[in-house]
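Engineer: Pasting the sequence and the predicted coordinates here, then a few questions.
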Amino acid sequence: MSRWLCLLLLVCANAYASPADNAERSSADRPSLITQLQDVRHNVADRTSELITTAMGFVGVPYRRGGTSAEIGFDCSGFVRAAFEQAKGLVLPRRASEQAAATEVIDKKDLQPGDLVFFNTMRRAFSHVGIYLGEGKFIHSPRSGAQVRVEDMGASYWQRRFNGARRVAMDAGDAEGAALLASTPALP
């Protein structure tokens, strides 16, 4: 019974605190909360910019079906996989459909740099993948005879074929999670 009485007194004491007391307490907490949010934003930005910088370093690498390296060329999923492995130490599944199955579904309006964008380019869902750069642009290894390049998702070709967006919600240091990602089965 005394525990309930103490709780009631604590709630009542907070309820009767003056607005000045609450404002003082709120502003005292605010700097640490703002600092924490800024730290998170910078951490995410740093990790994302590393991925984007790595991906942009592959611009001009020729397309090669089944290709997984800058030396021999990339197909779309090989390019995405190499960028994530080099920048974050994370091994994504090999095929675009497997990458879609292994990552977190997000809405197109929630896209952030470093997210994956998927397209239906071969009359099947999730047959093509690229990395979102921001401002409606993405980088990918498009097709035979082409090279890794940046394109606009607003172009009618890509708008008509857009399949969905995904987010790799994993820290690079999470080896157990990376192993799980690599072993995730493909979509049916």
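Structural biologist: Structure received.

Engineer: Excluding covalently adjacent residues, which one is nearest to A70?
Structural biologist: Spatial nearest neighbour of A70, excluding adjacent residues (Cβ to Cβ, 6 or more residues apart in numbering): V61 at 5.0 Å. Just so you know, the C-beta spots here come from the backbone N, C-alpha and C atoms, and that holds for glycine as well.

Engineer: For that neighbour, give its distance to P93.
Structural biologist: V61 sits 21 Å away from P93, going by Cβ to Cβ, to the nearest Å.

Engineer: And N120, by the same measure?
Structural biologist: Using Cβ to Cβ, which is the criterion applied here, N120 is 18 Å from P93.

Engineer: Same check on F138?
Structural biologist: The spacing between F138 and P93, counted by Cβ to Cβ, is 19 Å.

Engineer: Can I take it that A87 is in a helix?
Structural biologist: Yes - assigned with DSSP: H, G, I helix; E, B strand; the rest coil, A87 falls within a helix.

Engineer: List the contacts of it.
Structural biologist: For A87, the contacting residues are E50, L51, T53, T54, A55, by Cβ atoms under 8 Å, 6 or more residues apart in numbering.

Engineer: How many neighbouring residues does the third one have?
Structural biologist: Using other Cβ atoms under 10 Å, T53 has 11 other residues around it.

Engineer: ok but G78 is inside a strand, no?
Structural biologist: No - G78 is assigned helix when assessed by three-state DSSP, not a strand.

Engineer: Does it touch E71 like I think?
Structural biologist: No - assessed by Cβ atoms under 8 Å, G78 is found out of contact with E71, at 11.8 Å.

Engineer: Comparing the two, which residue is more hemmed in?
Structural biologist: G78 (23 against 7).

Engineer: Once you drop chain neighbours, what's closest to that one?
Structural biologist: Nearest to G78 is T68, by Cβ to Cβ, 6+ apart, at 3.9 Å.

Engineer: V80 versus that neighbour, what's the distance?
Structural biologist: Distance from T68 to V80, by Cβ to Cβ: 10 Å.

Engineer: between these two, who's got more neighbours?
Structural biologist: Shown here are T68 and V80; by other Cβ under 10 Å, V80 has more neighbours (25 against 17).

Engineer: now that one, nearest residue through space, not along the chain?
Structural biologist: That would be V129: by Cβ to Cβ, 6+ apart, it lies 5.2 Å from V80.

Engineer: buried ones in the helix or strand containing the one you found?
Structural biologist: Per DSSP states H and E: V129 is located in strand 128-134. By neighbour count on 16 or more other Cβ atoms under 10 Å, the buried set for strand 128-134 is H128, V129, G130, I131, Y132, L133.

Engineer: re the thing from before, out of N120 and P93, which sits in the busier spot?
Structural biologist: Neighbour count, other Cβ under 10 Å: between N120 and P93, P93 has more, with 21 against 15.
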